[in-house]
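S.K.: A structural model of the following input is requested.
(one chain, ligands or ions: 2)
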Amino acid sequence: MWESMNAFDQTAPTTTGPAAGEAVPSAPVSAADTSGGPGLPLLHSGKVRDTYELPDGNLLMVASDRISTFDAVHPTTIHCKGKLLTGLSVFWFEQTSEIVPNHLISFAEDVPDEMRGRGLKVKRLKMLPIECVVRGYLAGSGWADYQATGAVCGIELPPGLTESAELPEPIFTPATKADVGEHDENIDAATAAELVGGQETFDRLRELSIELYEFGRNHARERGIILADTKFEFGIDSDTGEITLGDEVLTPDSSRFWPADEYEPGGPQPSFDKQFVRDWAAGTGWDKSSPAPAIPQDVEMQTRQRYMEAFVRLTGEPPPSWMARASAGAGPAAGC
Ligand SMILES: Nc1ncnc2c1ncn2[C@@H]1O[C@H](COP(=O)(O)OP(=O)(O)O)[C@@H](O)[C@H]1O
Ligand SMILES: [Mg+2]
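M.R.: Numbering: from 1, shown residues only. Ligands and ions are numbered 1, 2, ... in the order given. Predicted structure coming up:
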């Protein structure tokens, strides 16, 4: 055990800002829209993260402790979640930089002191308008599609696969970015190629996505976590013209993580992180539409411990060590 959970204080914002369903626009939504933030223009407020514009034109992406299940954000935050997911993304950006360049510039320099650990300075990209989904296992909308058509997004699969079965090889199943309140929609390869501006770009996105997924899957598997599927977002770096990995990477918010020791194909798997919330929510009679209910303290604690466990297993680093690195030069590590 790295340290008592009580060592982490809670400083994350708990309110949700205005939502927008699109990639960060090239100009601030409103220069006056800085409430609750670091005094920088707020460009985009998502379910979990807020994106600000830094004076040099780059972006500051800040992960809150908010949690969503069934696409609805709960009013209760999960202590430390934002810093753990930020540290996890940094870990993967560093580990995969030889596969593809990424948008991470810094987790310390130019990140305001109070945002250290949960904020990243990233290069602003021209985002490509698809979500690059890779599936190694049959779950969620992939399982539904397979049951209905024997294929996932038009990719034929062998007959007789059960729910949560491992696929013969990972498949690339892009989706459109949904507007707020809607679910992402799976699209076929031809539509995706058109959206990203051509077959060549599409082929490269598929190749990179699968390579990144396989890297993450193999790493996680050795540490007792199944990476069932995940979603990447890429953009073009206008300075180099290169396809560049953006957004967050291989976090529980962008992926399905399953505990390997409980894996049993033939039905849905428990989610590594959100299962406690989902199980509890299922028992409350909540109809899964917004607003989501507040999460009881014991469920919040168990969920928090799961995020800690995923972080430690995957990165091998105790959370306080990550927070100290992120806070270097900004006074003592602030905890959560
Ligand atoms: N480097 C980047 N440059 C520009 N936009 C980015 C970059 N990285 C991620 N984005 C975009 O920032 C937004 C982040 O939104 P997010 O916090 O995930 O909220 P949501 O997806 O719920 O709207 C997404 O639209 C994503 O495509
Ligand atoms: Mg997003």
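S.K.: For this protein, which residues score under the pLDDT cut-off?
M.R.: For the chain, residues meeting the criterion pLDDT under 70 lie at 1-36, 179-183, 333-334.
S.K.: Can you pull the residues of it lying near ligand 1?
M.R.: For the chain, the residues in contact with ligand 1 (C-beta under 6 Å from any ligand atom) are 23-24, 44, 46-47, 49, 51, 59, 103, 122-125, 127, 233, 235, 246-247. C-beta here means a position set from N, CA and C on the backbone, and glycine is covered the same way.
S.K.: how many neighbours does the residue in the chain that ligand 1 sits nearest to have?
M.R.: Proximity of the chain to ligand 1 (C-beta to the nearest ligand atom) peaks at Gly46, 1.9 Å away. The tally of other residues near Gly46 (other C-beta atoms under 10 Å) stands at 22.
S.K.: so Pro75 sits right up against Pro291, yeah?
M.R.: Yes: in this structure, Pro75 is within contact of Pro291 by C-beta atoms under 8 Å, at 7.1 Å.
S.K.: Pull out the buried residues from the helix or strand hosting Arg313.
M.R.: Assigning secondary structure by DSSP states H and E places Arg313 in helix 297-315. Applying a neighbour-count criterion of 16 or more other C-beta atoms under 10 Å, one finds 299-300, 303-304, 306-315 buried in helix 297-315.
S.K.: what do you get for stretch 111-127?
M.R.: Quick answer for stretch 111-127 (16+ other C-beta under 10 Å): 111-112, 115-125, 127.
S.K.: repeat for stretch 199-209
M.R.: In stretch 199-209, counting by 16+ other C-beta under 10 Å, buried: Thr201, Phe202, Leu205, Arg206, Leu208, Ser209.
S.K.: Strands along the stretch 51-200 of the chain, start to end?
M.R.: With strands called from DSSP state E, counting those that start in this stretch, the stretch 51-200 of the chain shows them at 59-63, 68-69, 72-73, 104-106, 119-122, 126-127, 130-137, 151-152, 155-156, 166-172, 175-176, 185-186.
S.K.: Output the ones you listed as TSV; include the columns distance to Lys274.
M.R.: Output for those, formatted as TSV (distance: least, C-beta to C-beta, whole Å):
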stretch	distance to Lys274
strand 59-63	16
strand 68-69	6
strand 72-73	12
strand 104-106	25
strand 119-122	23
strand 126-127	26
strand 130-137	17
strand 151-152	23
strand 155-156	27
strand 166-172	21
strand 175-176	20
strand 185-186	22
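S.K.: in this structure, which helix has the most residues?
M.R.: helix 199-221 (DSSP state H).
S.K.: Packing partners of that helix?
M.R.: In terms of contacts (3 or more C-beta pairs under 8 Å, 6 or more residues apart in numbering; DSSP states H and E), helix 199-221 is packed against helix 81-95, strand 130-137, strand 166-172, helix 189-195, strand 225-232, strand 243-245.
S.K.: Pipe those into a markdown table and attach mean neighbour count per row.
M.R.: Shown next, in a markdown table, are the helices and strands packed on helix 199-221 (neighbours: other C-beta atoms under 10 Å):
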| stretch | mean neighbour count |
| --- | --- |
| helix 81-95 | 24 |
| strand 130-137 | 24 |
| strand 166-172 | 16 |
| helix 189-195 | 17 |
| strand 225-232 | 24 |
| strand 243-245 | 22 |
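S.K.: Of those, which is nearest Tyr263?
M.R.: The minimum distance between Tyr263 and the helices and strands packed on helix 199-221 falls on strand 225-232, with 5.9 Å, by C-beta to C-beta.
S.K.: neighbouring strands for the closest one, and are they parallel or not?
M.R.: Paired neighbours of strand 225-232 in the sheet (DSSP bridges): strand 130-137 (antiparallel), strand 255-259 (antiparallel).
S.K.: Heading C-terminal from it, find the next helix or strand.
M.R.: strand 234-236.
S.K.: ok, now which ones touch Gly198?
M.R.: If you count contacts by C-beta atoms under 8 Å, 6 or more residues apart in numbering, Gly198 has none.
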